[in-house]
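S.K.: take a look and give me a structure for this.
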Amino acid sequence: MESMKTDNKTGSLIWILSLLGNRLPLYLGAIVISTLGLAGSGIANALIVKQIITAAQTGQISGVYLAVWGSFLLFILCQMTWRFSIVRYNTEAAKGGASLGKLVFSKALRLPYSYYEEHHSGDFMSKLIFDTERAGDIYTSRLRRLAAAFLSSIAFLIPMFYYSAPLTLCLLAGSMLALAFNSALAGPMKRAGSALSQNVASLTEKLTNFLSGMEIVKLLPAKAELLEDYRQANAQVYQSQQKSNRCTALSEGANNFFDLTGALAFLGLGVWFISRGLVTLGGLAAVYTLYGYFRYHLLDIGKYFPQMMHCVANAERLREFLRQEEAGLKPEPTRNTDPSAPAVSVEHVSFSYSNGRKILRDVSLQIQKGTCVAITGESGYGKSTLAKLLLGFYHPDSGNIRVNGSIAYVPQEPYLYQLSIAENIALGKKGVCPGEVSLEEIIEAARTANAHDFIMKLPEGYDTIVGERGNTLSGGERQRIAIARAVLMGAPILLLDEATSALDSESERLVNEAIRRVSQNCTTIMIAHRESTIAMADRIICLKNT
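M.R.: As a prediction, this is how the structure comes out:
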């Protein structure tokens, strides 16, 4: 089991690095070169110290200036190498983090509609923000710091062994105790990171529920219980964060202790080795300088390895998310290009949701071009499910669906973005950015949707920002803007799902006028139960529970 966990960690790390593609060698090369450049600076500094102390001890200064200047030039060269390579590293790391975020967001767009019905939006938001940011830290800091600590430790050990192998071995033995202690914290740090990630996702879900239903929350007698539920979720995040902080504090405290004892041990060993003639004063000074760098980077291995495991835990969650089955793995409704074919053809379609409940059984129907059809039936008989099948959100268990052209969709609760009215309507123009749609096109679509008059009465007209989800507008106004957006799409088929069910009589009249005007130029399918809406249809199809 432990071996399997290790394989998962390694696999997740290899996976996230593989996302860099052909830029991976450049990224890793920048890490190696910047590390060696910085380590070379430290070694050059140690050489300068050795030359000066040796000259001062022996009184032989001939050639010391040349040696010092040579070491100084080496120091400058290494610093320049580090600077140029670290700039390249930062560039590649930033690209890697941005690519990871884009990959997660792109995956979200490809997931089937069922994923969002079965998972809370807060869980996805946690992946998109928290997990993506933490996993991206592997690119931007954690891997470089861990690799730099490891490579630098080796780089400093080489000259240390050259100047005094016995002294270096003694110092190395003590340093290994610090490294072993920090490595032992890797497991708890990873578990704390996983728990924190899960609790943040849960907290995000609670907060999303709370904010999305604020009106209901204020009215419900149980709002105190909802607040308590959120408080408990927040407390769990706090406890997870505290556990993670305790692990970090324990690691840092132990590092400080080992750092102090290591310095004392070095002084004692240094005096003993000099008294036995096993090392010169200049060599001891060089080892001391190098040991300071070595100790710093060795402790960084113990410090950054647990943090690296923390980030790998987030990467594992993202990797699992990106393995979700995508909508494209099953065929969408067949697009029929035959001009003589019906607008929509449903042939012996059956469908059930993941809970096994059969919603549609052997449904067949045809809708001819240019007609206005109302689909009715009692609640739970599959009207909205049929709409989702026509849109390709779900796929039938059996049977075929053929659609002659694209579909513009207006749901019962249309979603408006926190943009201007003009920008919300312009989103319907396929293949064109909102800013590229002319105001004349937007106004024409709004007139068709019976929305122009009320828009012009607003203080900012078409530049009015509608607020989150369009909450500054009434239900009827939102519906007409959604219809205008659908009109601008120019699709040959318009699908409306209970477009007037939640409207007052006046708003219903205005929306029905818009539907009647739009239906003159396209095939219109209305999921409806209100008689005034059904009365506009050329044909009525009643779904039954068979």
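
S.K.: going forward, measure contacts between C-alpha atoms and count neighbours the same way
M.R.: Will do.

S.K.: dump the residue contacts of Leu157.
M.R.: Counting by CA atoms under 8 Å, 6 or more residues apart in numbering, Leu157 makes contact with Thr168, Leu290, Phe294.

S.K.: check which element follows the helix or strand containing it along the chain.
M.R.: Assigned by DSSP states H and E, Leu157 belongs to helix 143-163. Following helix 143-163 in sequence order, the next helix or strand is helix 165-184 (DSSP H and E).

S.K.: by how many degrees do that next one and helix 143-163 diverge?
M.R.: Between helix 165-184 and helix 143-163, the angle comes out at 160 degrees (axes from the mean of the first three to the mean of the last three CA atoms, to 10 degrees).

S.K.: in terms of secondary structure, what does helix 165-184 contact?
M.R.: Contacting helix 165-184 under the criterion 3 or more CA pairs under 8 Å, 6 or more residues apart in numbering; DSSP states H and E are the following elements: helix 143-163, helix 223-275, helix 281-322.

S.K.: most centrally placed residue in this structure?
M.R.: Leu128 (2.6 Å; CA atoms, centre = their mean).

S.K.: hang on, the earlier thing: so which of the helices and strands packed on helix 165-184 is the most packed in?
M.R.: Highest mean neighbour count among these (mean count of other CA atoms under 10 Å): helix 281-322, with a mean of 22.

S.K.: name the helix or strand of this protein that has the lowest mean pLDDT.
M.R.: The helix or strand of the chain with the lowest confidence, counting by mean pLDDT, DSSP states H and E, is helix 214-219 at a mean of 53.

S.K.: just the element for Lys50, please.
M.R.: Assigned by DSSP H and E, Lys50 falls in helix 24-58.

S.K.: list the buried residues in that helix.
M.R.: 24, 27-28, 30-55 (16 or more other CA atoms under 10 Å).

S.K.: and that helix, what's its mean pLDDT?
M.R.: Average pLDDT, helix 24-58: 82.

S.K.: what's the angle between the next helix or strand after it and helix 24-58?
M.R.: Next helix or strand after helix 24-58 toward the C-terminus (DSSP H and E): helix 64-110. Interaxial angle, helix 64-110 versus helix 24-58 (the same axes, to 10 degrees): 160 degrees.

S.K.: from the contact counts, what lies against helix 64-110?
M.R.: Using 3+ CA pairs under 8 Å, 6+ apart, helix 64-110 is in contact with helix 24-58, helix 132-137, helix 281-322.

S.K.: okay if I get these as JSON lines plus distance to Asn256?
M.R.: Listed next are the helices and strands packed on helix 64-110 as JSON lines, based on distance: least, CA to CA, whole Å:
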{"stretch": "helix 24-58", "distance to Asn256": "21"}
{"stretch": "helix 132-137", "distance to Asn256": "25"}
{"stretch": "helix 281-322", "distance to Asn256": "9"}
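
S.K.: out of the ones you listed, which comes closest to Leu196?
M.R.: Distance to Leu196, taken as CA to CA, is lowest for helix 281-322 among these, at 9.7 Å.

S.K.: and the closest one, how far from the chain's centre?
M.R.: Remark: helix 281-322 is offset 26 Å from the chain centroid, using CA atoms, centre = their mean, to the nearest Å.

S.K.: quick one: mean pLDDT over that helix.
M.R.: On average, helix 281-322 scores 82.

S.K.: orientation of that helix relative to helix 165-184 in degrees?
M.R.: Angle, helix 281-322 to helix 165-184, by the same axes, to 10 degrees: 20 degrees.

S.K.: next, the angle from helix 281-322 to helix 223-275.
M.R.: In terms of direction (the same axes, to 10 degrees), helix 281-322 departs from helix 223-275 by 150 degrees.

S.K.: so Ile493 versus Tyr27, what's the distance?
M.R.: Going from Ile493 to Tyr27 by CA to CA, to the nearest Å gives 50 Å.

S.K.: swap that for Gly70, please
M.R.: Between Gly70 and Tyr27 the distance is 31 Å, computed by CA to CA.

S.K.: any chance of the helices and strands packed on helix 165-184 in JSON lines with distance to Trp15 as columns?
M.R.: Formatted as JSON lines, the helices and strands packed on helix 165-184 follow (distance: least, CA to CA, whole Å):
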{"stretch": "helix 143-163", "distance to Trp15": "14"}
{"stretch": "helix 223-275", "distance to Trp15": "25"}
{"stretch": "helix 281-322", "distance to Trp15": "8"}
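
S.K.: tally of neighbours for Ser379?
M.R.: Ser379 has 10 neighbouring residues, counting by other CA atoms under 10 Å.

S.K.: where does it land on pLDDT?
M.R.: Taking Ser379 on its own, its pLDDT is 80.

S.K.: do you know how far it is from Ile527?
M.R.: 11 Å.

S.K.: dihedrals phi and psi, Leu494?
M.R.: phi -110, psi 130 (degrees, to the nearest 10).

S.K.: again, but for Asp538
M.R.: Torsion angles, degrees, to the nearest 10, at Asp538: phi -80, psi -20.

S.K.: the residue nearest to the centre of the chain: what's it in contact with?
M.R.: Leu128 neighbours (CA under 8 Å, 6+ apart): Gly101, Val104, Phe105.

S.K.: which residues touch stretch 509-524?
M.R.: Against stretch 509-524 from outside (CA under 8 Å, 6+ apart): 343, 368-373, 448-450, 476, 479-480, 483, 487, 491-496, 499-500, 533, 536.

S.K.: in that stretch, what's buried?
M.R.: Taking 16+ other CA under 10 Å as the criterion, stretch 509-524 shows 509-516, 518-519, 521-524 as buried.

S.K.: just stretch 440-455 next, same as before
M.R.: Ile442, Ile443, Glu444, Ala445, Ala446, Arg447, Thr448, Ala449, Asn450, Ala451, His452, Ile455.

S.K.: and if you look at stretch 350-364?
M.R.: So stretch 350-364, judged by 16+ other CA under 10 Å, has buried residues Ser350, Phe351, Ser352, Ile359, Leu360, Arg361, Val363.

S.K.: could you list the residues in contact with that stretch?
M.R.: Under the criterion CA under 8 Å, 6+ apart, residues 345-349, 380-382, 385, 395-399, 545-546 lie in contact with stretch 350-364.

S.K.: end to end on it, go ahead and measure it.
M.R.: 9 Å.

S.K.: fine by me, we can end here.
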